[in-house]
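Peer 1: Here is my input, please return the structure:
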Amino acid sequence: MFFKKFFIACFILLSGCGFSPLYETNKTTGLLETEQIEVAPIQDYNGYVLKQGLDNAFNPKKVHAFKKYILKVQMRHPHLSSQSIQGDNFASRKKVSLTATFQLIDKETQKELLSSSTTALGAFNVFYEPYTTYLAEKRQIEDLVQILVTNISTRVAAYLKQEEVINESKTLAD
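Peer 2: As a prediction, the model looks like this:
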């Protein structure tokens, strides 16, 4: 009973402060702002996986909408470094980092709206069997790509939501 009253009180407080969910549909178009983003092709296999992940994050319902923005992403090759060296000079663990830079561009004006970069860090075990090590490295890089998808999609959605709130406040002030 206490939790029910607590959640109702939180809902009332949040609705009064102007809070709205990050992935809320636009009142005029009925679309998510992110559904209007076209993700430009990204090089290499990991870039392809990143593009597919971003497409799914921005447009989960696969709505065919006019693309108002283009997102250009450049991903660097994974950087590997030995982390743990044993007495026989065998690295038993490796660190891997994956960095992506991205720009959100308005297609109509060609104006850069957002520019940023993000890095995902991880590690994997090195085994005496090369194929097992290869699979561990591949799996870790795939996980890091998913982290980049989350980081980029959240930043872009937050930026678009911020711009929407600013535009609404300007409209109310006029």
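
Peer 1: pLDDT wise, what is Leu170 at?
Peer 2: One thing to correct before we go on: residue 170 is Lys, not Leu. The confidence metric pLDDT takes the value 53 at Lys170.

Peer 1: pretty sure Val126 is touching Lys94, no?
Peer 2: Yes: here Val126 lies in contact with Lys94, judged by C-beta atoms under 8 Å, at a distance of 5.7 Å. Every C-beta, even on glycine, is put in place using the N, C-alpha and C of the backbone.

Peer 1: Just give me how far whatever helix or strand Leu148 lives in sits from the chain centre.
Peer 2: Taking DSSP states H and E as the criterion, Leu148 maps to helix 130-173. Computed by C-alpha atoms, centre = their mean, to the nearest Å, the chain-centroid distance of helix 130-173 equals 1 Å.

Peer 1: and the angle from the longest strand belonging to the chain to helix 130-173?
Peer 2: The strand that spans the most residues within the chain, counting by DSSP state E, is strand 91-106. Direction vectors for strand 91-106 and helix 130-173, defined by axes from the mean of the first three to the mean of the last three C-alpha atoms, to 10 degrees, enclose an angle of 30 degrees.

Peer 1: helices and strands around strand 91-106, which ones?
Peer 2: Judged by 3 or more C-beta pairs under 8 Å, 6 or more residues apart in numbering; DSSP states H and E, the packing partners of strand 91-106 are strand 69-75, strand 79-85, strand 112-125, helix 130-173.

Peer 1: show me what contacts Phe58?
Peer 2: When contacts are counted by C-beta atoms under 8 Å, 6 or more residues apart in numbering, Phe58 is found next to 32, 34-35, 37, 39, 153, 156-157.

Peer 1: Can you list the low-confidence ranges for this structure?
Peer 2: Within the chain, the stretches falling below the threshold (pLDDT under 70) are 1, 3, 7, 9-32, 86-91, 164-174.

Peer 1: redo that, cut-off 50
Peer 2: Counting by pLDDT under 50, the chain contains low-confidence ranges at 28-30, 174.

Peer 1: Would you mind confirming that Lys72 makes contact with Gln110?
Peer 2: No: Lys72 lies out of contact with Gln110 (C-beta under 8 Å); the separation is 11.6 Å.
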